[in-house]
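Asker: Can you look at this prediction? I've put the sequence above it.
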Amino acid sequence: MNPSAVFAVAGWELRLAVRGRLVMGTAVTFTVVCVLATLLGLRSVSDLGLAGVGPGTGALINLAILFPPLMGMMLGANSLSSARERSLLPLMLVQPLSRLDHVCGVVLGLVGAVWLTIGFGFGASAILLAHVAGTADVSGLLAIVGSALGVGLVSVAVGVAISALAGSRLQALGLSMGLWFLFAFAIDLILAGLAAAVHLGPVGLFVGVLLNPLEAGRILMVLASGADALTLGPFGSYLNNTLGTTAAALAVCASMAAWTVLSLLVAWAGITRREP
Amino acid sequence: MMRTHRSSPSQDPELLEVHGVSKAFGEQVVLDDVSIDLRRGDIALLVGANGSGKSTLLRCVAGLTAFEGTVRVLGADPRSADGRGLIGYLPQLVALPQSVTVGEVISFFARLRGVSVGRPDQLAAAVPLPDGFLPALERPIGALSGGMRRRVALAVAILGSPPLVLLDEPAASLDEEHSASLWETLQALRAAGGTALIAMPLMVTSLLRHDLASVADRAVLLEAGRVVHDGPVESLRPSPAMGRRLSMAGGSR
């Protein structure tokens, strides 16, 4: 590993990303919807004579597992495939850095762009909440932010892996959007249907959660923020009831870490074996 | 000016050794047992028609594609950790990102190559090109013409004066003035002990226009992936039978 080269590539990728329309557009949209969700949450709680982030948490969690992962996967999917199509990848790979350095640098830079977007969105929410939130509310928001950063990392790594394997940039983008839709919406519905029809059992449910990094991230956000346990969903509730809060949180963290590492390895193998 | 003297191999070991390189895409053989050796300071033209294997050979030498045979740059495999960074490479077509400036591109690749460019005014100095060859550092790539972008990519290839420079049709998109600057640069590169392998199309107009005999020592002619001629540039002459194309005039390998 050559840290200097990794950081050079990361800085380059971050610079390119933040000047791109995808990051700018997503950051603005994410910030606006975060502000709206927070304002609506405040309005509803003020009607009840309460204060804090609590009731708005569910909305923020849903935003955090929709916007940043979509952005991260698309940025990742665009990275190597676009560089390959523009003949920029060969220019990079003749430089004195290994392919692993390059993959790590790309992931690091794009994760930076996703984290900036998360920072803008939740930063705006935090400013709005500052005058009404208590300490518990702030720690809850920080837990969501921390978990969202993890989800951002996973999604970029998965996107870069897709980028390394896909035949073209368009194919990579299509695959990443399809996978995001599967993770964000379809897989839960499929597993819920399967659970009822074929009786997946505890192990099947557990595996179902771990196979979906976005669901793992969502469960982590709920557990870490102390949000209403009802928002855990059937898989999260099962994990929480079976393992307890701490072990369940560790299990989903392990799932996200495994997704990240495996994705990096796939990306590394892809960029090593394929012609740039 | 042609270089006529070469020291003995023991004093001047091969900088580039390409031995028995073959490459096929499925059934189609693109390179067939290609062998070329270059010594430090050699400037060699790799000449051939479209599809003759020039770009593929450069990619093999750059360590960018798998192949059969052996390639060594200063004794190192270009795909290995020791070999990386010994080569500067200009692909035939490269689209630099439009949202960055010329200075940012040069600065980024200089950092990767370990070339010190602490201050903005050191950026241009890090690139061994004549004054005015590189567009203004503050200009975005997106605002440059095709020829100007080509000049930036060329600057990236020779940044930090790597021991071996591989240029795939470097004069494409360049006007007469900047083509002349390119050949001057190559002469300076050779004078500094640099070595270059330059892929050129098999068109007499482009070759003669640049007076390459004054720049290049050798011309290697590729036909259907095989080296059919390896000799002085002057041995490539227009062939009446081939119209404006070139043929070999004696001195085959």
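Answerer: Alright, I've got the coordinates.

Asker: Going by C-alpha atoms from here, please, whenever you check contacts or count neighbours.
Answerer: Fine.

Asker: Show me what stretch A:165-176 is in contact with.
Answerer: Stretch A:165-176 is touched from outside by A:73-74, A:77-78, A:81-82, A:85, A:159, A:162-163, A:267, A:270-271, with contacts defined as Cα atoms under 8 Å, 6 or more residues apart in numbering or on different chains.

Asker: Can you flag the buried ones in these?
Answerer: The neighbour count (16 or more other Cα atoms under 10 Å in any protein chain shown) marks A:73-74, A:77-78, A:81-82, A:85, A:159, A:162-163, A:267, A:270-271 as buried among those.

Asker: so which strand or helix has B:Leu186?
Answerer: For B:Leu186, the host element (DSSP states H and E) is helix B:176-191.

Asker: Past that helix, which element shows up next along the chain?
Answerer: strand B:195-201.

Asker: tell me the mean pLDDT over that next one?
Answerer: For strand B:195-201, mean pLDDT rounds to 86.

Asker: and the stretch 1-150 of chain B, which of its residues are near chain A?
Answerer: B:62-66, B:81, B:84-91, B:93-97, B:99-100, B:108-109, B:111-113 (Cα under 8 Å from any Cα of the partner chain).

Asker: Mark which of these are buried, thanks.
Answerer: B:62-65, B:84-91, B:93-96, B:99-100, B:108-109, B:111-113.

Asker: still on that earlier bit, for the contacts of stretch A:165-176, give me CSV that also has pLDDT and secondary structure.
Answerer: Formatted as CSV, the contacts of stretch A:165-176 follow (pLDDT from 0 to 100; DSSP: H, G, I helix; E, B strand; the rest coil):
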residue, pLDDT, secondary structure
A:Met73, 95, helix
A:Met74, 94, helix
A:Ala77, 95, helix
A:Asn78, 93, helix
A:Ser81, 94, helix
A:Ser82, 93, helix
A:Glu85, 92, helix
A:Gly159, 96, helix
A:Ile162, 96, helix
A:Ser163, 95, helix
A:Ala267, 95, helix
A:Gly270, 92, helix
A:Ile271, 91, helix
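
Asker: Pull the contacting residues for B:Val100.
Answerer: Counted by Cα under 8 Å, 6+ apart, B:Val100 has contacts A:16, B:140-142.

Asker: One more pass at 10 Å, please.
Answerer: A:12, A:15-16, A:19, B:138-142 (Cα atoms under 10 Å, 6 or more residues apart in numbering or on different chains).

Asker: How much space separates it from B:Leu129?
Answerer: 21 Å (Cα to Cα, to the nearest Å).

Asker: of all of the stretch 51-200 of chain A, which residue lies closest to chain B?
Answerer: Of all residues in the stretch 51-200 of chain A, the one sitting closest to chain B is A:Pro96 (4.2 Å; Cα to the nearest Cα).

Asker: any idea of the pLDDT on the closest residue to chain A within the stretch 51-200 of chain B?
Answerer: For the stretch 51-200 of chain B, the residue closest to chain A is B:Gly85, as judged by Cα to the nearest Cα, at 4.2 Å. Note for B:Gly85: predicted pLDDT of 83.

Asker: What ranges does chain B have for its strands?
Answerer: All strands of chain B, identified by DSSP state E, fall at B:14-25, B:28-39, B:43-48, B:68-73, B:87-90, B:164-168, B:195-201, B:218-223, B:226-232, B:236-238, B:246-248.

Asker: Which ones among the residues of the stretch 1-150 of chain B next to chain A map onto helices?
Answerer: Under the assignment DSSP state H, the residues of the stretch 1-150 of chain B next to chain A contribute B:108-109, B:111-113 to helices.

Asker: can you pull the contacts of the residue lying closest to the residue of the stretch 51-200 of chain B closest to chain A once chain neighbours are set aside?
Answerer: Leaving aside its sequence neighbours, B:Gly85 sits nearest to A:Pro96 (Cα to Cα, 6 or more residues apart in numbering or on different chains; 4.2 Å). Neighbouring residues of A:Pro96 by Cα under 10 Å, 6+ apart: A:2, A:5, B:80-87, B:112-114.

Asker: Just say helix, strand or coil for A:Pro96.
Answerer: With DSSP: H, G, I helix; E, B strand; the rest coil as the basis, A:Pro96 sits in coil.

Asker: Contact residues of the stretch 151-253 of chain B facing chain A?
Answerer: Proximity of the stretch 151-253 of chain B to chain A (Cα under 10 Å from any Cα of the partner chain) is limited to residues B:153, B:156-157.

Asker: still on that earlier bit, in TSV: the contacts of A:Pro96, plus distance to A:Thr231.
Answerer: Shown next, in TSV, are these (distance: Cα to Cα, whole Å):
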residue	distance to A:Thr231
A:Asn2	43
A:Ala5	43
B:Ser80	52
B:Ala81	50
B:Asp82	54
B:Gly83	55
B:Arg84	52
B:Gly85	53
B:Leu86	57
B:Ile87	56
B:Leu112	47
B:Arg113	51
B:Gly114	51
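
Asker: Which single one of those is nearest to A:Val103?
Answerer: Distance to A:Val103, by Cα to Cα, is smallest for A:Ala5 among those, at 10.9 Å.
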